[in-house]
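> coords below, sequence missing:
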């Protein structure tokens, strides 16, 4: 890639606007998660029709996926694509419509969920027709990205662009499918099977390629090291594209869904070890001979920590798809440990790590290193503690249930672990919030290298 200054290619204002919204969601959505975790020990806490568990949980989940992760990622797209193509974003005037349409829709949609409007499908709770706003915003960004690639000055299409293209195409289709087809296409167990596909497409065909695009871009530029292996990036991309579409039934084992579809999902889930392990090897290999950057650079530090959590959580996900492992773990917090390790420990941390690189370059603000160190340690200790506690209590509860204990009794024995989980979550969430606060309050300077 040729070296261009931010002012030549990047619309600094639109990037910073997306990121400010992302920092807002990074405070809001995890705070809802803390409230939810407290309700496990104190179920009557803030017990109103607008703040009971059934209404708060979809606000937290959608707030993390479409608020924290997606909003920051889309802001990073407006930074990465011009850098990777060597041209300014196509139709830059459209950018402001995309950012306000996305975040305005999300605000109205989450408020609607709090007021009881809910389709009742996980990650598709937002009432229709509001998801059309998110789809329209992605369509605007998609046209801008594809036309920028078509007009590019750079000859090669770098691996980050593959993942950005894939994420936008797959997710534009999936949001239509999950919000406007699944709720009405089939009743009963068939609906559960169709929804299982949609839910995992959100994770595997949106969050995963989007998150990997961020690492493939920012790890080499922050570490100032070339990507370890282009061939491994090919293996990781195409194995993800091939195997992930088939994993959606792996949470429905031992159900009335046809057994052959369950077996296909198990095989595909285990085969996901291929893209996970290859990309992690690629990331660690990129730092070969340059591990000092892990100590000196917050972008590199958080990316590598996120890669470790991604490796742990994704490997755990492949293992828990096995029938023998799912028997004791399915209805326990073992599954919640897996989702938090990947989504929070991996993907959210990756987009936040990129903020340390991008924000100073588009705003001229220099963050406080002491606060960055504190927030980094809080994030790492918090998410590590949460994943360990949830995994442990899931295994304990599953073992107790298999020994014949009543479900209610197994729940009572989890209360001390839930309290520790809350404390770990508070630590992590404060660390995440401090990233945004630190960057927003950074001292303005000029002459920051591109």
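Thanks, I have the structure now. Because the structure is a prediction, the values reported are computed rather than measured.
> flag the shaky bits of the stretch 351-450 of the chain, pLDDT-wise.
Applying pLDDT under 70 to the stretch 351-450 of the chain flags residues 443-450.
> so which residues of it form strands?
365-366, 443-444 (DSSP state E, counting those that start in this stretch).
> got a list of what residue 350 touches?
For residue 350, the contact set (C-beta atoms under 8 Å, 6 or more residues apart in numbering) comprises 211, 214-215, 302-303, 306. Any C-beta I mention is one placed from the backbone N, CA and C, and that applies to glycine too.
> identify the farthest-apart pair in the residues you listed.
Pairwise distances across these peak at 12.3 Å for 211 and 302 (criterion: C-beta to C-beta).
> before we move on, back to that, let's see if you can find the most crowded of the contacts of residue 350.
Neighbour counts for the contacts of residue 350 (other C-beta atoms under 10 Å) peak at residue 303, which has 30 neighbours.
> from residue 102, how far off is that one?
As defined by C-beta to C-beta, to the nearest Å, residue 303 lies at a distance of 25 Å from residue 102.
> okay but residue 192 is in contact with residue 249, surely?
No - contact criterion C-beta atoms under 8 Å: residue 192 and residue 249 do not qualify, at 9.0 Å.
> the more surrounded of the two?
Between residue 192 and residue 249, counting by other C-beta under 10 Å, residue 249 is the more crowded of the two (25 against 18).
> state the phi and psi torsions of that one.
With angles defined as degrees, to the nearest 10, residue 249 shows backbone torsions of phi -100, psi 0.
> for it, which non-adjacent residue is spatially closest?
Of all residues not flanking residue 249 in the chain, residue 265 sits nearest, at 3.9 Å (C-beta to C-beta, 6 or more residues apart in numbering).
> you'd agree that neighbour is up against residue 244?
No - assessed by C-beta under 8 Å, residue 265 is found out of contact with residue 244, at 10.7 Å.
> could you point out the longest helix of the protein?
If each helix of the chain is counted by residues according to DSSP state H, the longest one is helix 369-402.
> same question for it: list its buried residues.
371-372, 375-376, 378-380, 382-391, 393-398, 400-401 (16 or more other C-beta atoms under 10 Å).
> where does this structure dip in pLDDT?
If you take pLDDT under 70 as the line, the chain has these spans: 1-7, 443-450.
> how does it divide into domains?
According to automatic domain parsing, the chain comprises the domains 1-157, 162-223+226-286, 327-440.
> can you tell which of those is closest to residue 320?
Closest among the domains of the chain, using C-beta to C-beta: domain 327-440, at 5.7 Å.
> measure the closest one end to end?
This stretch, domain 327-440, spans 47 Å end to end (C-alpha to C-alpha, to the nearest Å).
> same check, this time on stretch 151-165
15 Å.
> mind listing the strands for the stretch 101-250 of the chain?
Going by DSSP E, counting those that start in this stretch, the stretch 101-250 of the chain shows no strands.
> name the helices or strands packed onto the helix or strand where residue 97 lies?
Using DSSP states H and E, residue 97 sits in helix 95-114. Here helix 95-114 touches helix 12-41, helix 53-62, helix 70-85, helix 131-150, going by 3 or more C-beta pairs under 8 Å, 6 or more residues apart in numbering; DSSP states H and E.
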